[in-house]
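Chemist: Pasting the sequence and the predicted coordinates here, then a few questions.
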Amino acid sequence: MRSKFFSMMLSLLIVFISFNCINAQFQAQELSSIYWIRAQYGLEYIPQTETAICSSMVFFCEMGTDNFNHIVSINVNNIIYTDAGATPSLTEFSFPALTELKINVKGITQVYDPMLNILNLIKNIPLLTLVEITGDQFSSIPLDFPTGCPLFVNLQSNLTTIQISSTPINSITIDQSTFLPMLKILSISIICNLPQTYTITAASFPILSDLSFIGSGGDQQVNIMVEAPVLYLTSYISDKTVVGYINPTISHPEVVKGLKYGGGSNYAISPSDLSLYTNLEGMQIVYSGLTTFPVTPYPKVLDFYITHSNLQSLPNVPIPSNARELICFNFAFVLISSSFINNQMTGNLPTNLLDNSPTKVKIVVSLNPGITGTMGQEYCYIQGIFLDGTAISSIPDCYWCYPNGRQIIFGTDLPEPSTPNCTVTINSLDIVSINGGYSIEGDNIGWGRGLQHFVSFGSLPNKRLLFQDFGYTSKPFNYNLTLILAETFTFNVTEVGFQYSTVSLNSDTLFMFEVTITFLAFNPSFLPTFHLDSTQQECIVSKVDIDQKVMKCILENPQQGSPVLIMDNGFSTNEAIIYLIQKPVITSYSLEPPTYPPTTLNLYGYFSTLSFPNNTQVYVNYTIDLEGLNPCNVTLVSPTHISCLFTKVPKPGLTDMALVTDNGSFLSSIMPFFPAPIPTVDDCKTKTNNCNGHGTCTNGQCLCDQGWTDFDCKIETKTAPGVIIQPNYTDPNVNFTSGDYSFSFSMVSIQELDYQNNLVMELFTDKWNVTSKANEDLTRISYILTSQKNKSVYDPLIVNSVIEFSNKSRSVEFGGETIQLAEGAIKIAVNITNWPYQTLMSTLRVVFSTVVNNNQAIIGCGDSYNPIDTFQQSADNGTLQYLRVVKDNVQFFGRFLDYIVSDGRKTFSKTEIMNITSIGDPAANQSLALIGIHTPTCRSCLIDPDFSALLVDRSNYDPTGACSEPTNNSNWKIIVGIVAGVVGAVAIAIGSWIYVKKTRKSKKFNTMMQNKLQAFSESNK
């Protein structure tokens, strides 16, 4: 509907403009200017109406902003003069919109008044850029032309071209007042009746590139002082018998590319040393009265002509190797190289004529009866010979062997021999074809005329034939080809070329681009390789589909930009521009302030250099309300950092987030997490029993004294006696033994999850290479995962795990924070680098397993009953914080940090209970727990939980004060399994509540985001 509406409006607009252009009127002054041109050049066939004028194909009209018609272009090309009345009396034209003026009246014999000079009227035309006048009868160029016209800015002319030819001009004025800043081409025809000197300076003509002075007779000297650095210079009189001459003096010969001069016998060029013309590409000497060759040897230029002259013989010097045509007869269409048109040649062809092996040359000496001699076998290896009308007595047999197309390469009056020697030699009958292009090489194989698919013989005539078969894609990779030369040969052709049709990119993996190339044709035995031209980085081939003619390759971490992809198989090369721009990826975030309520969201990751605040939008789930989706206002965008201000106070908890840019979108379901408001000091004291006397409530949470831990400082970091750490030299497992009980915490797998937390792929971590290092205080065991090596998708992946334990308490740094570890504590670190994400919005979950008690409690002093939760969430329920397993007098204690390090930055990480399954004898009341630690999309992610086996002091569980001193370990009573199912039920209930609530919010958020992304996409079409 919108398209039809705009089409209708456009049609109406065109009709409106056309109607107004037809009905608009000329101003009186401009109409008089039109009538002057009509009368002066006899354009009687144009009626004197505005409609007829604008449709005449001589005057081209447009309606101006002043609602008057104006002439924008004039193109007079008249061959018949018909009296159209007298010219109006004018002092200057009025053409305020005219840009081009072309007058060609060379074909008529009169104008209305030969004494009128159109150049006197070309004044004050502000938009004029081109003047071409041919065949007019004025004899001079006014002093004020064209400096005073047209006006552009500050009286500067806008003319780019002035061409005045076939006019009887004998003088013009070019002096210091001449200033044509935009003029590129100046071409003037003159009669050399008066001695003149014209100086062409860079000050008057700052960008002049093409200068021509062409004379048509006269007996006086005209000097052209060319001080401006022009590229192409023409100066000659078109009469080889004339006495007058036009001589150029060139100040900058080193910039000249084209040079044409001559006329009579008195012409001269300065400087005459051609070696000074270092950039010369073409040279012509015309209408020369000289009888001998004027330059020796031939100039080293691509184009060299001597035409319409009195040369009587060819110079006794070899033709240049780059020559293409040697023409020595009275008329010719000259393409390029050595040409001698309209000369008077006599004598034998020089014996050294082909000493430079000019294989591109065609020798034409037709209609020169004075040329004599013979042509030897060396003439078989040029482009052709034409010698009809000469006295040359013999030619080589090769020209008689190929009658097809003979007239193109061969012309003679000689009789054809009855048995010419036509022996053919072929170098090889096996031919390699590249995209249908192939060549045949040998001797006396002809010039290819009449052969199917023949293209040319290149630089080796009669020795090489080049073919191009455009139907090669319909042929097999190997086929036979029969050619009839002077003899018949059958060739075996192998197609080795390839031709691509499309190149596309997929960047769903972080800093990894998959390039898909579809081909029109390729030979599976000669597949191409791929690399970037700018960095030479190889694109590793990952897939070849012969049936679909598709290849895929991978670029790992390439330099972003728009490089050229080079495809090369050793025979054929193709190129394609590709655009390597990483789609946006968020790897971490931070909040300012870090406590509730935050005002600023900082996103870190990899963002396009094409992103800016005005084309970048950030949305978070909490902004969904009755008013729709409200963005977090973006204030800063850089290639690695985006910052935005919240439009309203966020709600505590985990939420979804979307980043929308011109280069793509990024969605996340695991960040950001907004912390709960900080509890008051009184709340902290109440909930933690004032940190159980072993710490201080600070910022709403316990800051434990040295030697104490847990959220309420109840647990003493005293290693339990008799607990043994058992290093594992197979897998990165945490292992404690106490008596006949063993506690372990094992890494199971790494999972990739999509945006909706569905499993995309899973790598089981069951095979490792292990090394260890120990001293008196610290043992360090390093593990490198090897189980992925059997799948190519994991080739770039590196998974390292390090387990450390010490017999002394210590501090370690992680994510910019200091972590206290008790003596005997085990710290396990896992580093995942170069995970092969299947999509850029995927995240990872590292899965661990451990055996836990279903229910557990401690009987403290005074037989108090103290239940011990196996799992403890953080205060704001954002993530699993502690794991406890109690056995005898030992509490096995695991701590999970609520952050990881993603690409060098600290960011939130959720640890969750994935599954709890009862195992073994029901009386043992034990379960297998799977615990997952989430990481965002990253190139390198580091997680760092730690575990301790701590001695439980019963006095810490003494609400009645019954313990007067620490209780002996033998009196400890551990109750396991008394209250069946309580903790598990609570954990499952909490997990279900979070899941249901989050699912509802996610569905609503996804719907809103789909609508928003669709609208955003349509607005950028």
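Modeler: Sure thing, it's come through. Quick caveat: nothing in here was measured; it's all calculated off a predicted structure.

Chemist: Got the domain ranges for the chain?
Modeler: As assigned by the TED database, the chain contains the domains 290-422, 425-495, 498-577, 586-674, 679-716, 718-956.

Chemist: give me the low-pLDDT residue ranges for the stretch 51-200 of the chain?
Modeler: Low-confidence segments of the stretch 51-200 of the chain (pLDDT under 70): 139, 143-158, 168.

Chemist: one more time with 80, if that's ok
Modeler: Along the stretch 51-200 of the chain, the model assigns pLDDT under 80 to residues 79, 106-109, 135, 137-159, 164-173, 175-177.

Chemist: quick one: residue 365 and residue 371 touch, right?
Modeler: Yes. Under the criterion of Cβ atoms under 8 Å, residue 365 makes contact with residue 371 at 5.1 Å. Any C-beta I mention is one placed from the backbone N, CA and C, and that applies to glycine too.

Chemist: re the thing from before, quick one, which of the domains of the chain is nearest to residue 194?
Modeler: Between residue 194 and the domains of the chain, the tightest spacing by Cβ to Cβ is seen for domain 290-422, at 25.3 Å.

Chemist: how far does the closest one stretch from start to finish?
Modeler: 43 Å (Cα to Cα, to the nearest Å).

Chemist: picking that back up, I'd like the domains of the chain as TSV, with mean neighbour count and distance to residue 76 appended.
Modeler: Shown next, in TSV, are these (neighbours: other Cβ atoms under 10 Å; distance: least, Cβ to Cβ, whole Å):
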stretch	mean neighbour count	distance to residue 76
domain 290-422	18	30
domain 425-495	17	44
domain 498-577	16	46
domain 586-674	18	52
domain 679-716	18	91
domain 718-956	18	65
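
Chemist: Adding distance to residue 43 and mean pLDDT as columns, could you present those in TSV?
Modeler: Shown next, in TSV, are the domains of the chain (distance: least, Cβ to Cβ, whole Å; pLDDT from 0 to 100):
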stretch	distance to residue 43	mean pLDDT
domain 290-422	35	77
domain 425-495	49	93
domain 498-577	52	92
domain 586-674	56	84
domain 679-716	95	86
domain 718-956	70	86
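
Chemist: For residue 121, find the nearest of those.
Modeler: Once the domains of the chain are compared by Cβ to Cβ, domain 290-422 is nearest, at 37.2 Å.

Chemist: Identify the residues contacting the residue nearest to residue 574 when sequence neighbours are not counted.
Modeler: Closest residue in space to residue 574, ignoring its immediate chain neighbours: residue 567 at 4.3 Å, by Cβ to Cβ, 6 or more residues apart in numbering. Shown in contact with residue 567 (Cβ atoms under 8 Å, 6 or more residues apart in numbering): 498, 500, 517, 528-530, 573-576.

Chemist: which SS state does residue 567 fall under?
Modeler: strand (DSSP: H, G, I helix; E, B strand; the rest coil).

Chemist: what about residue 206, how many neighbours?
Modeler: Under the neighbour criterion other Cβ atoms under 10 Å, residue 206 is assigned a count of 14.

Chemist: Pretty sure it sits against residue 181.
Modeler: Yes. Between residue 206 and residue 181 there is a contact under Cβ under 8 Å: 5.6 Å.

Chemist: residue boundaries of the strands in the stretch 551-700 of the chain?
Modeler: Here the stretch 551-700 of the chain has its strands, by DSSP state E, counting those that start in this stretch, at 564-568, 573-577, 585-592, 600-606, 617-620, 631-637, 641-645, 653-654, 657-661, 664-668, 673-674, 695-698.

Chemist: how about CSV for the contacts of residue 567, with distance to residue 224 added?
Modeler: Below are these laid out as CSV (distance: Cβ to Cβ, whole Å):
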residue, distance to residue 224
498, 56
500, 54
517, 58
528, 56
529, 58
530, 56
573, 48
574, 50
575, 46
576, 50
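
Chemist: Tell me the one of these nearest residue 314?
Modeler: Nearest member of the contacts of residue 567 to residue 314, counting by Cβ to Cβ, is residue 573, at 43.0 Å.

Chemist: which residues touch that closest one?
Modeler: 566-567.

Chemist: With residue 488 instead?
Modeler: Shown in contact with residue 488 (Cβ under 8 Å, 6+ apart): residue 482.

Chemist: Could you double-check that residue 914 lies in contact with residue 932?
Modeler: Yes. Applying Cβ under 8 Å as the test, residue 914 and residue 932 come out as touching, 4.8 Å apart.

Chemist: overlap in contacts of the two?
Modeler: Common neighbours of residue 914 and residue 932 (Cβ under 8 Å, 6+ apart) are residue 847.

Chemist: show me what contacts the nearest residue to residue 817 once chain neighbours are set aside?
Modeler: Nearest residue to residue 817 in three dimensions, chain neighbours excluded: residue 906, at 7.7 Å (Cβ to Cβ, 6+ apart). By Cβ under 8 Å, 6+ apart, the residues touching residue 906 are 588, 590, 815-817, 899-900.

Chemist: Does residue 906 belong to a helix, a strand or coil?
Modeler: Looking at residue 906 with three-state DSSP, the answer is strand.

Chemist: Please name the bridge partners of it.
Modeler: residue 901 (DSSP bridges).

Chemist: Repeat that for residue 441.
Modeler: In this structure, residue 441 bridges to residue 464 when assessed by DSSP bridges.

Chemist: Start at 493, not 1
Modeler: Right, with 493 as the first residue, what we last looked at is residue 933.

Chemist: what sits against it?
Modeler: Residue 933 sits next to 918-920, 952, 955-957 when contact means Cβ under 8 Å, 6+ apart.

Chemist: out of the residues you listed, what pair is the most spread apart?
Modeler: Within those, 920 and 952 form the most distant pair, 15.0 Å apart (Cβ to Cβ).

Chemist: what lines up beside the helix or strand containing residue 595 in the sheet?
Modeler: Secondary structure from DSSP states H and E places residue 595 in strand 592-596. When pairing is defined by DSSP bridges, strand 592-596 lines up against strand 561-569 (parallel), strand 622-626 (parallel).

Chemist: after the last one, next one along is what?
Modeler: Translated: strand 622-626. Later in the chain than strand 622-626, the nearest helix or strand by DSSP H and E is strand 653-657.
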